[in-house]
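> Curious how this folds, go ahead:
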Amino acid sequence: MANMVKKTEYPKNPKKIMLADSQMVSFGVVVGNEGVDADKNNKKILKAGTPIAGDIEARNTAFKKASEEDAVGILLHDVDVTDGNANGAIVLFGFVDLDKLDKEVFQLITAGIKTKLEGKVFFLTGSGKKRID
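Residues are numbered from 1 along each chain as shown. Below is the predicted model:
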């Protein structure tokens, strides 16, 4: 029996949440669906800007949606984890434009998250772009 290959279509222009792509440090990680609720289309999507937690020395183990205590970075792009673990990218250093985050993700950027990521990820406003609701 032949192996089944799942075809995934990615957006041609993924949402950009960073103020300056050239002034960030990011790399690939595996993202899991622990703690991710299905949306109205029955999809489990971790959205760009979501704080994530995991072991940066073991990036092949699944990162998860973070709490204020265990955040190590933020997710660079939306990741569909409906069918389980998927590839994503973590931002460990950079400048996030809060105006470009979805409303639900914006609410995840609490004072505790900002403190936990202080000196690594900077959350700024002022791009003039309307937040996606």
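> Distance from the longest helix along the chain to the middle of the chain?
Ranked by residue count under DSSP state H, the longest helix found in the chain is helix 111-116. Centroid displacement of helix 111-116 relative to its chain, using CA atoms, centre = their mean, to the nearest Å, is 16 Å.
> mind checking the longest strand of this structure?
Longest strand in the chain, counting residues (DSSP state E): strand 86-97.
> sorry, back to before: contacting residues around the longest helix of the chain?
With CB atoms under 8 Å, 6 or more residues apart in numbering as the test, helix 111-116 has contacts from Pro51, Ala66, Glu68, Glu69, Ala71, Phe123. Using the backbone N, CA and C atoms, a C-beta is placed for each residue, glycine as well.
> Average pLDDT for the longest strand of the chain, rounded please.
Averaged over strand 86-97, pLDDT sits at 96.
> do the same with stretch 58-74
Mean predicted confidence for stretch 58-74 is 93.
> Lys44: neighbour count?
18 (other CB atoms under 10 Å).
> Need the pLDDT of it.
Looking at Lys44, its pLDDT is 96.
> my read: it touches Ala38, true?
Yes. Counting by CB atoms under 8 Å, Lys44 touches Ala38, with 5.4 Å between them.
> what touches both of those two?
Shared contacts of Lys44 and Ala38, counting by CB under 8 Å, 6+ apart, come down to Thr82.
> for the longest helix of the chain, which positions count as buried?
Ile113, Lys116 (16 or more other CB atoms under 10 Å).
> Which SSE is immediately downstream of that helix?
strand 121-124 (DSSP states H and E).
> Just the C-alphas of that next one, formatted as PDB.
Extracted in PDB, the C-alpha atoms of strand 121-124 (Å, rounded to 0.1, in the frame of the first residue of the first chain):
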ATOM      1  CA  VAL A 121      10.500  40.200  22.700                       C
ATOM      2  CA  PHE A 122       9.400  43.900  22.600                       C
ATOM      3  CA  PHE A 123       5.700  44.600  22.200                       C
ATOM      4  CA  LEU A 124       5.000  48.000  20.500                       C
END
